[in-house]
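Enquirer: Here's a sequence, model it:
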Amino acid sequence: MDIIEKKIYADGEPYFFNSETGEKYGEIVGAIAWPETEEGFLMIAAVDLFENADAEARHIRVLAEANESNIEVFLKRAVELQRHFSPFMGIVRFYGDTTSPPMMELLDRFNRDRRSRSLNPFYLTEAPQLRDSHKVELYARLMRRYTETGRKTLHFCDTTLPSYLAGLSPDEINENVFGHPPVAALGYALAVLSAWKPRRGEKRQEKPGTEIMANANAS
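Expert: Numbers count the residues shown, from 1 in each chain. The predicted structure is shown next:
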């Protein structure tokens, strides 16, 4: 079972350690695309702490996914994934579309019920540039960048996304990037993770013997 631990690198940089795979991530996030005319889709994804020197980019990894048409079951699944991936370090932040009043009302109702049972609410952060007038073009460009044939910096771990993406033409993605929940959720995750940079300077491929200091309570 993948459990993500928060640690501190030798130079003081915080990172996330995957106890199952041994991978080190600079950031890990959730992404959610609402169930409206189709099943909703959510995922957990992460970006590597170290840049791959050959690709001159960081690998992005989709670690888990779920889909569901019932909004209450859908949101409960998102909470379950938060707990699964971060039982000891707090909540993995989820990103998505906060501009839909009906969906936000359903989320508010879900959280009122959780609070009435003394449970923590589920928070949703607005995905980058969703209010930009050129958002379709911006997200379509991002999707092309990471899903182009032969690109080796986007990885899918036991997910159905590759087969789903293979069934869409480039024109479908370019013209309706937000019309397919799996594509939209992947776009939200990529928008966040592709912009991540270490705050203590560039990190390329890790050298053997580099000291790692663990600190599960680091901020």
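Enquirer: how close does the residue lying closest to E13 once chain neighbours are set aside get to Y188?
Expert: Nearest residue to E13, sequence neighbours excluded (C-beta to C-beta, 6 or more residues apart in numbering): R200, at 4.5 Å. C-beta coordinates here come from the backbone N, C-alpha and C atoms, glycine included. Shown here: R200 relative to Y188, a distance of 26 Å by C-beta to C-beta, to the nearest Å.
Enquirer: who's more crowded, the two?
Expert: Y188 (30 against 11; other C-beta atoms under 10 Å).
Enquirer: ok, now how distant is the more buried one from T125?
Expert: Using C-beta to C-beta, we find Y188 at a distance of 10 Å from T125.
Enquirer: Pull up the overlap in contacts between those two.
Expert: Y95, G96 (C-beta atoms under 8 Å, 6 or more residues apart in numbering).
Enquirer: Low-confidence stretches in this structure?
Expert: 1, 88-89, 206-219 (pLDDT under 70).
Enquirer: Could you pull out the strands in it for me?
Expert: Along the chain, counting by DSSP state E, strands occupy 4-9, 14-18, 24-33, 40-48, 60-68, 94-96, 124-126, 154-156, 212-213.
Enquirer: Just say which of these is most tucked in.
Expert: Most buried of the strands of the chain, by mean neighbour count (mean count of other C-beta atoms under 10 Å): strand 40-48, with a mean of 26.
Enquirer: Run through the neighbouring helices and strands of that strand.
Expert: On a contact count with 3 or more C-beta pairs under 8 Å, 6 or more residues apart in numbering; DSSP states H and E, strand 40-48 meets strand 24-33, strand 60-68, helix 71-85, helix 181-193.
Enquirer: so the third one versus strand 40-48, what angle?
Expert: For helix 71-85 against strand 40-48, the angle by axes from the mean of the first three to the mean of the last three C-alpha atoms, to 10 degrees is 20 degrees.
Enquirer: now helix 71-85, how far from the chain's geometric center?
Expert: Centroid separation between helix 71-85 and its chain, computed with C-alpha atoms, centre = their mean, to the nearest Å, is 14 Å.
Enquirer: One more: stretch 77-96?
Expert: Distance of stretch 77-96 from the chain centroid (C-alpha atoms, centre = their mean) equals 11 Å.
Enquirer: mind checking the end-to-end distance for it?
Expert: Start to finish, the residues bounding stretch 77-96 are 15 Å apart (C-alpha to C-alpha, to the nearest Å).
Enquirer: Could you list the buried residues of that stretch?
Expert: 77-79, 81-82, 84-86, 89, 92-96 (16 or more other C-beta atoms under 10 Å).
Enquirer: Make JSON lines from those residues and add distance to G150 to it.
Expert: JSON lines is the format used below for the buried residues of stretch 77-96 (distance: C-beta to C-beta, whole Å):
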{"residue": "R77", "distance to G150": "33"}
{"residue": "A78", "distance to G150": "33"}
{"residue": "V79", "distance to G150": "37"}
{"residue": "L81", "distance to G150": "30"}
{"residue": "Q82", "distance to G150": "34"}
{"residue": "H84", "distance to G150": "32"}
{"residue": "F85", "distance to G150": "29"}
{"residue": "S86", "distance to G150": "33"}
{"residue": "M89", "distance to G150": "35"}
{"residue": "V92", "distance to G150": "30"}
{"residue": "R93", "distance to G150": "31"}
{"residue": "F94", "distance to G150": "31"}
{"residue": "Y95", "distance to G150": "27"}
{"residue": "G96", "distance to G150": "29"}
